[in-house]
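A.B. asks: Sharing a model that was predicted from the sequence below.
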Amino acid sequence: MDFRVGVGAGGFGQVHLVRVMTGSKGTITLVEDNSLTLEPDGTIVSTGQWAVIAGTGAYAELHGQGTAVGVVVRGVVTETDTGSVHFD
């Protein structure tokens, strides 16, 4: 996984990550770009977009995109990705 974070003044930041998920039928590669907000209680809120950028094997023709919403509380990340995928 490629993971890059930048935080600016006021607790705002950006996260760019590339995720490769591997299974017995092939791989799916996702890219995700999120904006971060640091809340007064120390919670980090993340909102952004994801997209399928590559696949191998059974997922070679997979395409899709959607939104991501996450929260980090005391080092625990909870994220919900919604959207749709399809095969060409």
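C.D. replies: It's in. Numbers count the residues shown, from 1 in each chain.

A.B. asks: Nearest to the spatial middle of the protein, which residue is it?
C.D. replies: residue 32 (3.8 Å; Cα atoms, centre = their mean).

A.B. asks: lowest average confidence, helix or strand, in the chain?
C.D. replies: strand 2-7 (a mean of 53; mean pLDDT, DSSP states H and E).

A.B. asks: and the closest residue to residue 15 other than its chain neighbours, what element?
C.D. replies: For residue 15, ignoring the flanking residues on the chain, the nearest one in space by Cβ to Cβ, 6 or more residues apart in numbering is residue 34 at 4.5 Å. Any C-beta I mention is one placed from the backbone N, CA and C, and that applies to glycine too. For residue 34, the host element (DSSP states H and E) is strand 26-38.

A.B. asks: That strand pairs with which strands, parallel or anti?
C.D. replies: According to DSSP bridges, strand 26-38 forms sheet pairs with strand 12-23 (antiparallel), strand 44-55 (antiparallel).
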